[in-house]
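1. How does the following fold in three dimensions:
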Amino acid sequence: SPLSPLPSPLFTVRTPTAVVTDLGTEFGVEVDIHGDTTSHVFQGTVVIQAGFRGVGESGIGNSGIGNSGIGDSGVWNSDKRPATAVAGGEPDQSFTLVAGQSVCIGRVRETNQEPAAGESTGGTGLAGGALRFTNPTVPPQFTRRIVERPKVVDLLDVVAGGSGMGKLRGSGIDTASGRRLEFIADKRCVDDGQYHFVPWNRLIDGVFIPDGWLGAVQVDSAENTFDGFPTTKGRSWGPIWARAADDEPVGSDDDPNNWMQMMGRVERFAPQRRGLLCMHANAGITFDLAEIRRLHRATRPLRFQATAGLIDSSRMEKLDDGLADLWIIVDGRLKMKRVGLGRQDAPVIIDVELADDGGFLTLAVTDGGDGITADWFVFGDPVLKMKPDGEKRLDR
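-> Now for the predicted structure:
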């Protein structure tokens with residue numbers, strides 16, 4: 001115990017009504033507003049000893065493990081007199097708990113009250129009354145693992161089916177249906193005019209093929225629409241894909257269909273080496289910010305950050321220099337756009353602020369008006385920068 005004047009390997013939790021000593025275990029201790037103590041053992045063994053907190057002038061007394069667990073605890077009440085037993089005349093009554101067991105130690109409000117069936121008493125305080133050992137009527141609720149609040153949520157991990165805290169890569173979503181894909185399907189996707197939900201991933205609301213020919217396009221499950229997309233003929237190519245930065249190129253030198261594994265100069269778009277969110281025009285994906293807040297409690301998305309543009313291939317001597325447009329939308333409202341981006345243009349640095357109560361973040365790519373040939377668009381190192389609840393907003 002850190003309070004013991006003598007070196008001791010035992011870890012001890014001292015509360016107003018009990019001393020809980022660890023004998024090599026995982027356990028929880030809860031103290032309510034009255035000072036009553038509830039202990040529960042998950043693994044191993046602990047000794048629970050009745051006593052009121054407070055140290056006399058002579059300090060902590062002898063401490064050692066006897067036949068019943070702990071010997072003279074040296075725990076004193078506020079009048080600097082040691083706790084004494086009520087029932088049986090035994091000093092410092094204690095209990096040993098093993099895995100799965102719980103006990104509550106609380107004050108008996110009237111000193112002449114007799115213990116109920118199944119209860120025992122031990123250790124009194126002049127002002128606080130006797131102490132009673134009982135079994136909790138409700139199973140104790142303890143947080144066994146304190147999860148670190150994320151500073152960023154990795155959207156590549158999310159697209160690959162993760163929580164945003166891992167490094168999942170190498171899978172994606174069929175743009176035309178919302179189905180999960182474990183392989184790159186090299187095929188043309190044709191728009192059916194529908195917004196497709198992604199039921200297998202709670203953090204992704206849906207996907208769609210943007211085409212402004214018929215007017216406003218639905219961009220999330222709240223039926224928010226956006227009417228600024230150009231006419232695109234409703235065609236795309238391949239899935240929305242989470243690619244690791246260090247993937248080795250595969251495929252033949254003249255096969256542009258496998259473009260997600262044939263990229264060159266990846267470091268231009270992924271300086272942090274997280275990877276690339278690959279979205280061949282025309283494609284859109286919407287992330288559910290409310291679900292992200294629910295999953296990562298006590299934090300909120302603060303900003304969306306990425307590096308975007310058309311990427312080239314170091315394996316092909318000639319690659320058509322297509323054009324593409326970038327759109328970032330939050331709850332149906334346009335937050336950022338770049339039109340007519342070419343392969344020779346510098347990467348676009350994205351840093352979009354998100355409202356605390358924002359519902360949906362939509363990323364979309366359209367073909368720039370020249371068809372979809374070679375529109376290899378990527379969002380490099382895409383993350384949501386998170387902030388703890390209650391923390392004041394800063395510019396960056």
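2. now the helices for this protein?
-> With helices called from DSSP state H, the chain shows them at 155-159, 289-295.
3. Give me the average confidence score over the longest one.
-> With pLDDT averaged residue by residue, helix 289-295 scores 96.
4. from the chain's centre, how far out does that helix sit?
-> 9 Å (Cα atoms, centre = their mean, to the nearest Å).
5. Check the offset of stretch 156-167 from the chain's centre.
-> 11 Å.
6. In it, which residues are buried?
-> Residues of stretch 156-167 classed as buried: Leu156, Asp157, Val158, Val159, Ala160, Gly161, Gly162, Ser163, Gly164, Met165 (neighbour count, 16 or more other Cβ atoms under 10 Å). Where you see a C-beta, it was placed from the backbone N, CA and C, and this is true even at glycine.
7. Stretch 223-240 now?
-> Residues of stretch 223-240 classed as buried: Asn224, Phe226, Phe229, Thr232, Gly234, Arg235, Ser236, Trp237, Gly238, Pro239, Ile240 (neighbour count, 16+ other Cβ under 10 Å).
8. Give me the distance from it to the chain's centre.
-> The answer for stretch 223-240 is 31 Å, by Cα atoms, centre = their mean.
9. got it, and stretch 357-373?
-> 27 Å.
10. sorry, back to before: take the buried residues of stretch 223-240 and keep only those in strands.
-> Phe226, Arg235, Ser236, Trp237, Ile240 (DSSP state E).
11. Tell me the bridge partners for the first one.
-> Judged by DSSP bridges, the bridge partners of Phe226 are Val217.
12. Could I get the contacting residues of it?
-> Ala216, Val217, Val219, Trp327, Ile329, Gly332, Leu334, Thr362 (Cβ atoms under 8 Å, 6 or more residues apart in numbering).
13. now do 6 Å
-> Each residue near Phe226 by Cβ atoms under 6 Å, 6 or more residues apart in numbering is listed here: Val217, Val219, Ile329, Gly332.
14. Most neighbours out of the residues you listed, which is it?
-> Neighbour counts for the contacts of Phe226 peak at Val219, which has 29 neighbours (criterion: other Cβ atoms under 10 Å).
15. Excluding chain neighbours, give the residue nearest to it in space.
-> Spatially, and ignoring its direct neighbours in sequence, Val219 is nearest to Thr362 (4.7 Å; Cβ to Cβ, 6 or more residues apart in numbering).
16. same question, Ile204
-> Val198 (4.3 Å).
17. follow-up on the earlier one: rebuild the buried residues of stretch 223-240 as a markdown table, extending it with distance to Met263.
-> Formatted as a markdown table, the buried residues of stretch 223-240 follow (distance: Cβ to Cβ, whole Å):
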| residue | distance to Met263 |
| --- | --- |
| Asn224 | 32 |
| Phe226 | 29 |
| Phe229 | 26 |
| Thr232 | 23 |
| Gly234 | 26 |
| Arg235 | 22 |
| Ser236 | 18 |
| Trp237 | 15 |
| Gly238 | 13 |
| Pro239 | 15 |
| Ile240 | 15 |
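18. Ser171: which of these is nearest?
-> Pro239 (8.8 Å; Cβ to Cβ).
19. Which residue is the nearest non-sequential neighbour of the closest one?
-> The nearest residue in space to Pro239 (Cβ to Cβ, 6+ apart) is Gly172, at 4.1 Å.
20. And Gln218, by the same measure?
-> Using Cβ to Cβ, 6+ apart, the closest residue to Gln218 is Tyr195 (4.2 Å).
21. Check Lys337 too.
-> Closest to Lys337 by Cβ to Cβ, 6+ apart is Trp327, at 5.2 Å.
22. For stretch 198-206, which residues meet the burial criterion?
-> Quick answer for stretch 198-206 (16+ other Cβ under 10 Å): Val198, Asn201, Leu203, Ile204, Asp205, Gly206.
23. residues contacting the last one?
-> Each residue near Gly206 by Cβ under 6 Å, 6+ apart is listed here: Tyr195, His196, Phe197, Val198, Thr286.
24. count of residues packed around the residue nearest to Gln218?
-> For Tyr195, using other Cβ under 10 Å, the count is 19.
25. Check what pLDDT it gets.
-> 96.
26. what about it, distance to Lys335?
-> 19 Å (Cβ to Cβ, to the nearest Å).
27. Please apply the same query to Asp247.
-> 30 Å.
28. got it, and Arg274?
-> 22 Å.
29. more neighbours, those two?
-> Neighbour comparison, Arg274 and Lys335: the larger count goes to Arg274, with 22 against 16 (by other Cβ under 10 Å).
30. Next, the contact list for the more buried one, please.
-> Asp381.
31. Pro140: which of the buried residues of stretch 198-206 is nearest?
-> Leu203 (31.6 Å).
32. What is the nearest of the buried residues of stretch 198-206 to Lys151?
-> Set against Lys151, the nearest of those by Cβ to Cβ is Leu203 (17.2 Å).
33. Confirm for me that Arg202 is in contact with Glu291.
-> Yes. Proximity of Arg202 to Glu291 meets the contact threshold set by Cβ atoms under 6 Å, at 5.0 Å.
34. Pull the number of nearby residues for Thr21.
-> Neighbour tally, Thr21, other Cβ under 10 Å: 26.
35. Quickly list what it is bridged to.
-> Counting by DSSP bridges, the residues bridging with Thr21 are Thr12, Val47.
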